[in-house]
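> below are the sequence and a predicted model; questions follow.
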Amino acid sequence: MKKVIYSSVLVVLLATSATAMAGDMSGMNHADMQNMGHASTAMKGHKAEGVLNSIDLANLKINLTHGPVKSLGWPGMTMNFSIKDAAILKGIQPGQKVAFEIVKEAPKKFYVSKITALK
């Protein structure tokens, strides 16, 4: 008889503790939970300044000569970058000094996400 009582008490305790641990999750946005704990994979922008040398709209490429980008450990250099949307180049012309943001998309694959003319 004692075993039946202990077993019943154990079942009740386990059931109530599981319910308490689960809590009320009805108000949670479960879509947001997919990104929890993945902050290191989030795209981070790296700010830089330089000169826009050329624009290739047909291939969505630009060429920039930039100073050091400390957050990436890059020295100053001249390089080509992809852009995702030609609209970010509105009002920007080759030869202009610019501030821009570089995003790492994959290993050794970067693109410019923002660019603004400097005065």
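Perfect, thanks for sending it.
> which elements pack onto the strand ranked longest in the chain?
Using DSSP state E to define each element, the chain has its longest strand at strand 45-56. Taking 3 or more C-beta pairs under 8 Å, 6 or more residues apart in numbering; DSSP states H and E as contact, the helices and strands that strand 45-56 lies on are strand 61-66, strand 97-106, strand 109-117. Backbone N, C-alpha and C define where each C-beta goes, glycine included.
> so for that strand, what gets flagged as buried?
Neighbour counts using 16 or more other C-beta atoms under 10 Å place 46, 48, 50-52, 55 of strand 45-56 among the buried residues.
> any weak-confidence spans in this structure?
1-43 (pLDDT under 70).
> thinking again about what came up before, I'd like the helices and strands packed on strand 45-56 written out as TSV, with distance to Gly73 and mean neighbour count added.
TSV is the format used below for these (distance: least, C-beta to C-beta, whole Å; neighbours: other C-beta atoms under 10 Å):
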stretch	distance to Gly73	mean neighbour count
strand 61-66	13	18
strand 97-106	12	16
strand 109-117	13	16
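> nothing else from me, thank you.
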